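# Okay, here's the prediction I keep looking at, along with the sequence it came from:
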Amino acid sequence: MIKVVIAGVTGRMGQALLEGVFADAELVLHGALDRAGNPQVGRDAGEQFGKVSGVKVTGNIEAALSNADVLIDFTRPEASMMYLDACQKHHVKMVIGTTGFSPEQKLAIEAASKNISIVFAPNMSVGVTLLINLVEQAAKVLNDGYDIEVVEMHHRHKIDAPSGTALRLGEAAAQGLGQSLKDCAIYAREGVTGEREAGKIGFATLRGGDVVGDHTVVLAGIGERVELTHKASSRATFALGALRAAKFLSGKDSANGKIKGLFDMQDVLGLR
């Protein structure tokens, strides 16, 4: 059994992860973390599902991580950095689905992977992981005379833009073009912008309602347009991908100890 700790357990993603752990015979809930002061602290984590898990929601990171195998984190960058430090201290693996990290924070995650094994991906969906591969291949083939735009929409509560997934799709497109995204990305257009410059990758961000996550990459040429789209209708798709990542990390144990490293969902699915 893989002993799982869920960060932000009372949130929307936390609840989806909790439901997934309860339904998987290979996993057991070991810890349920949320911020101190949350009204759910002290209650059984399974209460909302009518289950007695024996694990209480807590803000005590040290206690939750003691003897755990993996922490799954879909919170916010500042909380993720705190969990990252604690996981290194306790030698606990980490699955990070949080988005909105700064370049410095991403470097900190990379450095931590020298001490613990980490799956870090802006989107844990199996379908999105496949989409990333398709976008890179499409950009490689349609590299002459086609303009690339990334359009994404999320619920009104999302705090970062463009989404981490949109940026990852942009990176895949840039790789297909043999470029770096930082050299070709256009994140905003307003006023008299002039004609579209060839080789650029544009982003459009929509926010509203309860949209879980829609992403479309448009490759527009003369006389035709290719659109690659993924639409998530439930957070369960991200939760199931994250739990798959946790199992992947459990396979990184060897007879001589734990293999360290930084992985993403393409590694988890064997696409790399």
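Right, received. Where do you want to start?

# Now do the strands in the stretch 51-200 of the chain.
Along the stretch 51-200 of the chain, counting by DSSP state E, counting those that start in this stretch, strands occupy 57-58, 70-73, 93-96, 117-120, 147-154, 185-186.

# same for the third one, what does it pack against?
Packing partners of strand 93-96 (3 or more Cβ pairs under 8 Å, 6 or more residues apart in numbering; DSSP states H and E): strand 70-73, helix 77-90, strand 117-120, helix 236-250. From N, CA and C alone the C-beta is placed, and that goes for glycine too.

# right, so of the ones you listed, which gets closest to residue 16?
When these are compared by Cβ to Cβ, helix 236-250 sits nearest residue 16, at 4.0 Å.

# Pull out the buried residues from the closest one.
Of the residues in helix 236-250, 236-246, 248-250 count as buried by neighbour count, 16 or more other Cβ atoms under 10 Å.

# again, but for stretch 54-74
Neighbour-count burial for stretch 54-74, with 16+ other Cβ under 10 Å as criterion, is recorded at 55-58, 61, 64-65, 68-74.

# now the end-to-end length of it.
Length of stretch 54-74, first residue to last, Cα to Cα, to the nearest Å: 23 Å.

# Could you pull up the mean pLDDT of that stretch?
The average of the pLDDT scores along stretch 54-74 is 96.

# closest to residue 21 out of the helices and strands packed on strand 93-96?
The nearest among these, by Cβ to Cβ, is helix 236-250 at 6.8 Å.

# chain center to the closest one, what's the gap?
11 Å (Cα atoms, centre = their mean, to the nearest Å).

# Contacts for that helix next, please.
Contact with helix 236-250 is made by 2, 4, 13, 16-17, 19-21, 24, 26-27, 69-70, 72, 74, 93, 95, 97, 117-119, 121, 123-127, 129, 232, 263, 265, 267-268, as judged by Cβ atoms under 8 Å, 6 or more residues apart in numbering.

# Put the alpha carbons of it into PDB.
Only the C-alpha atoms of helix 236-250 are listed here, as PDB (Å, rounded to 0.1, in the frame of the first residue of the first chain):
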ATOM      1  CA  ALA A 236     -11.500  13.700 -11.400                       C
ATOM      2  CA  THR A 237      -9.400  13.600 -14.500                       C
ATOM      3  CA  PHE A 238      -6.600  15.500 -12.800                       C
ATOM      4  CA  ALA A 239      -7.000  13.500  -9.600                       C
ATOM      5  CA  LEU A 240      -6.700  10.200 -11.400                       C
ATOM      6  CA  GLY A 241      -3.600  11.400 -13.200                       C
ATOM      7  CA  ALA A 242      -2.000  12.600 -10.000                       C
ATOM      8  CA  LEU A 243      -2.700   9.200  -8.300                       C
ATOM      9  CA  ARG A 244      -1.200   7.500 -11.300                       C
ATOM     10  CA  ALA A 245       1.900   9.700 -10.800                       C
ATOM     11  CA  ALA A 246       2.100   8.700  -7.100                       C
ATOM     12  CA  LYS A 247       2.100   5.100  -8.200                       C
ATOM     13  CA  PHE A 248       4.800   5.900 -10.800                       C
ATOM     14  CA  LEU A 249       7.000   7.400  -8.100                       C
ATOM     15  CA  SER A 250       6.500   4.300  -5.900                       C
END
